[in-house]
Each structure stands twice: as structure tokens, then as C-alpha cells.
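Asks: below are the sequence and a predicted model; questions follow.
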Amino acid sequence: MDMKKLASVLIPDKDLLPVEEYEKIYPERERAPKAEITRLAPSPTGFIHLGNLYSALADERSAHTTDGVFYLRIEDTDEKRKVEGAVESVIRSLNYFGLGFDEGAEIDSPLNKYGPYYQRQRAKIYRAFVKVLIEKGLAYPCFCTETELDSVREEQTSQKKTTGYYGEYAKCRNLSEEKIYENINAGKKFVIRLKSQGGIENKIAFRDAIKGEVTVTENDQDVVILKSDGIPTYHFAHVIDDHFMRTTLVIRGEEWLSSLPVHLELHKVLGFKPPRYAHTSSLMKMDGGTKRKLSKRKDPELSLDYYRKAGYFPVAVVKYLMTLLNSDFEEWALKNPDKDYRDFKFRIEKMSRSGALFDLDKLNDVSKTEISRLSAEECFDFLDKWVQEFGSEADRAHFKDKEYIIKVLELVMGIGGKKRRKDIERAEQGVRLIDYFFDDAFAPEYSYRFDDETVNTVLDEFINTYDPEDDNSVWFAKVKAIAPKVGFAGETSEYKANPNAFRGNVSDLAEILRIAVAGAPNSPDLCTIMRILGKDRSVSRLQAGKR
RNA sequence: GGCCUUGUGGUCAAGCGGUUAAGACGGAGCCCUCUCAAGGCUCAAUCCCGGGUUCGAUUCCCGGCAGGGUCACCA
């Protein structure tokens, strides 16, 4: 059979470059010996989830801790997946969490010498290589229809045989020349399949950067490399792209491990040296009694928007992911609280082989810690950003008075003091925590634990002696002085020594004041709250607190 | 189902032939305290099971079991 002729009938493009040219167009990158070239290669659905961020972080860290390059390539070979504005959305999402690309689609960079970075725009490259494969007899046209394929698969399934297009099931593999041209002339649609040279009985020892030694078998499937629309499949396109974009490390989910044999064979027939592969295990979630992969449909916490809306500190999400990526990160971060997480020496080899359960408690803890390190100014900015995007009308009005908010934050969050509040994990909580400093949001429940007479006496007594100029100790002394009048203990020690002798303790007395002024039995230092509120508002709240 | 893969406290996990089996999150308790928060201290909790190999296995081998992945002209 004249393969050259067949190839030019199947791939009739007139403007294809000789494949050797591409080696010159996309030369080896100049890089330090250990510099990694990594990539994020999403399909353009625009939906980036936590799992993507997790793997993107591994890519980004691998590249940027080695002076390498992290680039963005868009795998748009499937038209159905395309969503408008998706690429920008991917970039924006990653930027929000502090990850940036050095090169690639929609990235303005002098490094963009390995493009185009959209696979659809690279069709000529792929087709040139497919053509060569056909000429070499390593690929062939397949005219099988979807229904034919389906029935073969059913037959294989019922006979408990391995499904797929291989061996005796590869009907079009050895079509005669006449038959091929007959089909073509009849206008039948076709795909191009790889004529696999491998045998499933041959085991290959493969070294995965994360999983270590992995045994896989050779591929024996005549996989589709060029779809009937003339666009390659993922398998083929990514092999070409990773080679010509001179990728050194491919980090991807472990769901790809099973198609690794195909990719290895493709590299082989194309004459490429495969990059290193690192297969990450996916993030899991506890559901009922068992672990399962985090799912887009069931788990809102998979969506990155979830973290934005809830007001997690972006770096906290990244740091949490870092603890999952390299488990010694946590210890390092504890020892180096002031260092940027980027100073940590990330290594892909340190990644865990098994799938980590996503642990919201842990994320919350990391976020708390991050937020507790913010200065008043930073804290304001952080909360303000959230308020502007997700807060209520009232929240936005409150946040116009930056000076006041900062004063409130310093008190409530204990900023600048030794007793730093450390239980705020999300912006939303922080915003709600200071609501009672605004009259329009002040909504006390007055859930006193004492009778009305006691409450009123306490409130009145306090109002009578209250002086906004008092410092904390004078203020508290005045509170203590009220105790005997309602039968409470003025000193906790007295109360503890003989609890039955009193109706309550100073702490209970303070609680009454607290409920009146702050609207809840718990709050930071009451004296300071009153000082921030000012005399008039404090007194009017104390008055309103009477039953 | 075939193939691949994983299995240390509730969770993330160090450990890689001899350890009191780290650490962190979470939990419990105590102390401090005008409450909350913060801080200090203490505690509970783990090597999936069964066979080997070995003087000795959490560590090595085999077999179970359990989880995960994958079997498209989707990526």
C-alpha cells in the first residue's frame, strides 16, 4: 500500500510544515539544570475548583522554587466544553489566591515563544504529526460508527473481556487499500487511530515523581488520535504540546494514571522523550461512613467561590493546601511564622501517595491563624473587601467610617495587645462580630438570667456612678461596688469560697451590663466598649436594657 | 468485573527492621479571668486482618479485606 498517498488523502492539508521544523521552532528552553517547566492545562469551562488549585499550586511551586516556568495552556479540543470568558476566569481565580502564570494563554509575557497556547490553534502541528504516523504505518483510518463501537463494547462486557479497540476487535486496523478508498469515496466519516505496537502482557516499570515505582502494562489499544472533526484527542495533543512547550514535569490527577501507557507509547512512536510525570491523588471528603472524591455537584466547598464568599483569607486556603501538599510544611510554618510560604522548599517528591481527606477544621484553623496576624489596617482592608462584594447595604455604610472600624477592631480583635482574638476564620464572622457597635445593627435579646428588679437595680446603680473618663480599674471597682446591693459577691474569691452565700458573682453582674450594652453575654472588655460607644450611647443602651 | 493504586489515632501525617510510635487539627479536662477570646498545663486516642522471612516486624514478602481510580471521537 502506498502510505504516502494514503496519508495525503487522509490529511490533505497543503500548508503543513515538515515535522522536523517544529524542533527548530520550539527549541529546548534555556534553563537551570533543575528548573522545572510546569503547566496548568484546563479545558475552557472556566470552572476552577479546589482540586485544580491544589494541583496548580503543586505546579506553581515546582516551577517557582526552581527558577522554572509555570505556563497556562488551554485544552479546547472539545468544543462542547467551551465557556465564554473561561480563560480570564481561570487566571483571575488563581490570581486571587496569589498564583500567577509566567507564560501562556492570555498572559502578557515576553516568554510566550512556545505558543499558540490554545490547542485549537495548534491543529496544523498535530495534523503534521498524524500524517507522518500514517506514512510510517503507525496510524490508520477507522470508519467504525459509534453504534458499531457500542455493540462491540457490549459484547466484550458480556464476555468479560477487556473493552476497547484492540487485537481482533480492531476491525479497521488491517483494512485493504481498496476498502479504505471505497469508504473514503463513499464519504464515510473516519477517525485516525494509533496502530499500537504494544502488548498488554509486557510490563513496564515506570517511575512517577509522587507515587514512586509504578508498574503499568504496555498499551495495546488503538486509541483515537485524530477525531472525525480533524482535531486531535487529549492524549495526542498533550503529548505533542508537552514536548514542544518543553515541559519537564507534568503534574496531574491520578485519574490519568490509567491512560499513562497510551501517553508513553505516543511519546515513543513520535520519538519524544517523555517528561517526568507526577500523579496526585485526589482530595477526598467524608460522606456517610466512607471517603469519596470531592464532587463538583455535591460539595459546595469544592468551588473556589465558596471560599471567597465565606471570606476565607486567600493565603490561608493556599497554606492549608500546602500542608496537604508537603506535610512538613506545617512544622516549617510553625517554626517560621513570619516567613512567606513561598520560602518553604516545596518538593513534588514529598507529596503523599494517598488521597487526603479535605478537613474544614484544619482550614479554619489556618485561616484563624492568618487573620490573627493582621494589623488593624490589614484587617480592615480584608473585611472591607469582603463587605464591598458580599456584605449588606448596612455593612457597606458601616465600613465607610474606617477610623471607627479600626478602633473597634483593635478592641474586638485584640490587635496590638497580648490577648489577640484568634477565633475568626472568615471575614463574615469578623463583620458580624462588630455589628453591635452600630446602632442600626444593634439587636439585643436581653436574655438576662436574673429577675427584672435585680437587672434594673444593677443598671440604675451603674448609670449613677458611670464616668466615661474612668480607666479600667476604676470602672471595675465601681462595678464591684454594686454587688452588695443585689446580694452578689464583689470578689470572685469570696464567691468561690462560699457560693451559697450569694445570689451571684461579679461576673454575673458584669453580664447584665454586657447584655444591655453589647447585646450578648459575651464580649471583649466592657469598659473599652463603652469608651468607644461614648457616654450618650452607653447610657441610652443601659437605660433601654431595663425591664 | 479486568487492570492500576492506597491502607499509622476522628483528620492530616512523621517514621522505612529494635522508638516511651513525632508533630499539627479536632476532642476532653484543669488553671487564669468581669464574660468571650487569648494564654498556660494535662489527658484520651493509631500501626486493616492472616500467614510467612527474621533473634526481632508498623516497617520486607505473600494472601485476604477495605477504600480510591480507570475502562469515550471528554479532558
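Replies: Perfect, I can see it now. Numbering: from 1, shown residues only, chains lettered A, B, ... in the order given.
Asks: which residue sits closest to A:Glu461, ignoring its sequence neighbours?
Replies: Once flanking residues are discounted, A:Glu461 sits nearest to A:Ile482: 4.5 Å by CB to CB, 6 or more residues apart in numbering. In short, each C-beta sits where N, CA and C put it, glycine included.
Asks: who does the helix or strand of chain A with the lowest mean pLDDT touch, helix- and strand-wise?
Replies: Sorting the helices and strands of chain A by mean pLDDT, DSSP states H and E puts strand A:290-293 at the bottom, at a mean of 72. Under the contact definition 3 or more CB pairs under 8 Å, 6 or more residues apart in numbering; DSSP states H and E, strand A:290-293 sits against strand A:284-287.
Asks: and the residue of chain A most remote from its centre, how far from RNA strand B?
Replies: Centroid-distance maximum for chain A: A:Lys485 at 58.4 Å, with CA atoms, centre = their mean. Counting by CB to the nearest atom of the strand, to the nearest Å, the separation of A:Lys485 from RNA strand B is 17 Å.
Asks: how about stretch A:316-326, does it reach RNA strand B?
Replies: Yes. Using CB under 7 Å from any atom of the strand, we find that stretch A:316-326 touches RNA strand B at A:323-324.
Asks: same check, this time on stretch A:461-470
Replies: No. Using CB under 7 Å from any atom of the strand, stretch A:461-470 never reaches RNA strand B; the gap is at least 11.5 Å.
Asks: that stretch - what's its average pLDDT?
Replies: Stretch A:461-470 shows a mean pLDDT of 91.
Asks: please apply the same query to stretch A:151-167.
Replies: pLDDT averaged over stretch A:151-167 gives 90.
Asks: I'd guessed A:Leu513 sits against A:Leu526; true?
Replies: Yes. The pair A:Leu513 and A:Leu526 qualifies as a contact (CB atoms under 8 Å) at a distance of 6.1 Å.
Asks: residue numbers of the stretch 401-547 of chain A in contact with RNA strand B?
Replies: Within the stretch 401-547 of chain A, the positions near RNA strand B by CB under 7 Å from any atom of the strand are A:414, A:418-423, A:472, A:476, A:492, A:506-507, A:510-511, A:514, A:521-527.
Asks: and these, which are buried?
Replies: A:414, A:421, A:476, A:506, A:510-511, A:514, A:521, A:523-527 (16 or more other CB atoms under 10 Å).
Asks: in the stretch 101-250 of chain A, which spans are strands?
Replies: Under the criterion DSSP state E, counting those that start in this stretch, the stretch 101-250 of chain A contains strands at A:103-104, A:139-142, A:191-194, A:203-208, A:212-217, A:224-226, A:249-253.
Asks: ranges for the helices of the stretch 101-250 of chain A?
Replies: With helices called from DSSP state H, counting those that start in this stretch, the stretch 101-250 of chain A shows them at A:123-135, A:146-158, A:177-185, A:234-244.
Asks: could you dump those helices to a markdown table with mean neighbour count and distance to A:Phe450?
Replies: As requested, the helices of the stretch 101-250 of chain A are exported to a markdown table (neighbours: other CB atoms under 10 Å; distance: least, CB to CB, whole Å):
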| stretch | mean neighbour count | distance to A:Phe450 |
| --- | --- | --- |
| helix A:123-135 | 21 | 79 |
| helix A:146-158 | 12 | 74 |
| helix A:177-185 | 13 | 92 |
| helix A:234-244 | 22 | 70 |
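Asks: TSV for those helices, including distance to A:Arg432?
Replies: Below are the helices of the stretch 101-250 of chain A laid out as TSV (distance: least, CB to CB, whole Å):
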stretch	distance to A:Arg432
helix A:123-135	53
helix A:146-158	55
helix A:177-185	69
helix A:234-244	46
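Asks: select, out of those, the one closest to A:Asp384.
Replies: helix A:234-244 (42.2 Å; CB to CB).
Asks: contact partners of that closest one?
Replies: Contacts made with helix A:234-244 from outside it, assessed by CB atoms under 8 Å, 6 or more residues apart in numbering, are listed as A:22, A:25-26, A:39, A:41, A:73, A:75, A:77, A:114, A:119, A:122, A:125-126, A:129-130, A:223, A:225-226, A:232, A:247, A:250, A:259, A:262-263, A:266-267, A:270, A:272, A:275.
Asks: which residues does the residue in the stretch 1-150 of chain A that RNA strand B sits nearest to contact?
Replies: Per CB to the nearest atom of the strand, A:Glu75 is where the stretch 1-150 of chain A lies closest to RNA strand B, at 2.8 Å. Contacts for A:Glu75 (CB under 8 Å, 6+ apart) come out as A:41-44, A:119, A:234, A:237-238.
Asks: 7 Å - rerun?
Replies: Neighbouring residues of A:Glu75 by CB atoms under 7 Å, 6 or more residues apart in numbering: A:41-43, A:119, A:234, A:237.
Asks: ok, it to A:Gly391 distance?
Replies: Distance, A:Glu75 to A:Gly391, by CB to CB, to the nearest Å: 37 Å.
Asks: and what of A:Leu513?
Replies: 29 Å.
Asks: do the same with A:Leu533
Replies: Distance of A:Leu533 to A:Gly391, computed by CB to CB: 22 Å.
Asks: same deal with A:Tyr436?
Replies: Counting by CB to CB, the separation of A:Tyr436 from A:Gly391 is 16 Å.
Asks: check A:Glu370 too.
Replies: Counting by CB to CB - A:Glu370 and A:Gly391 are separated by 20 Å.
Asks: surely A:Gly104 meets A:Arg73?
Replies: Yes. Under the criterion of CB atoms under 7 Å, A:Gly104 makes contact with A:Arg73 at 5.9 Å.
Asks: so for A:Leu513 and A:Gly391, which sits in the more crowded spot?
Replies: Taking neighbours as other CB atoms under 10 Å, A:Leu513 and A:Gly391 compare with A:Leu513 leading, 25 against 20.
Asks: can you pull the contacts of that one?
Replies: A:458, A:462, A:526.
Asks: looking at those, which is nearest RNA strand B?
Replies: A:Leu526 (5.0 Å).
Asks: okay, now A:Ile37: neighbour count?
Replies: A:Ile37, neighbours per other CB under 10 Å, totals 25.
Asks: same question, A:Arg92
Replies: 12.
Asks: for it, report the pLDDT, please.
Replies: Predicted confidence (pLDDT) for A:Arg92: 91.
Asks: over to A:Leu526?
Replies: 93.
Asks: and the closest residue to it other than its chain neighbours, what does it touch?
Replies: The shortest distance from A:Leu526 to any non-neighbouring residue, by CB to CB, 6+ apart, is to A:Arg514 (5.6 Å). Neighbouring residues of A:Arg514 by CB under 7 Å, 6+ apart: A:521, A:523, A:526.
Asks: tell me the mean pLDDT for the host helix or strand of A:Arg514?
Replies: In the assignment (DSSP states H and E), A:Arg514 maps to helix A:506-518. The average pLDDT for helix A:506-518 rounds to 93.
Asks: continuing past that helix, what's the next helix or strand?
Replies: helix A:526-533.
Asks: about what we covered before: now a PyMOL select for only the buried ones of the contacts of helix A:234-244.
Replies: Buried residues among these (16+ other CB under 10 Å), as a PyMOL selection:
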select buried, chain A and resi 22+26+39+41+73+75+77+114+119+122+125+126+129+130+223+225+226+232+247+250+262+263+266+267+270+275
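Asks: any regions of chain A where pLDDT drops low?
Replies: A:287-290 (pLDDT under 70).
Asks: next, count neighbours for A:Gly545.
Replies: A:Gly545 is flanked by 23 other residues according to other CB under 10 Å.
Asks: how far off centre is stretch A:94-106?
Replies: Centroid separation for stretch A:94-106 versus its chain: 13 Å, with CA atoms, centre = their mean, to the nearest Å.
Asks: is that stretch anywhere near RNA strand B?
Replies: No. Stretch A:94-106 does not reach RNA strand B (CB under 7 Å from any atom of the strand); its nearest approach is 12.9 Å.
Asks: can you pull the buried residues of that stretch?
Replies: Here stretch A:94-106 shows A:94, A:96-97, A:99, A:101-105 as buried, counting by 16+ other CB under 10 Å.
Asks: please apply the same query to stretch A:293-303.
Replies: For stretch A:293-303, by 16+ other CB under 10 Å, it's A:293-294, A:299, A:301-303.
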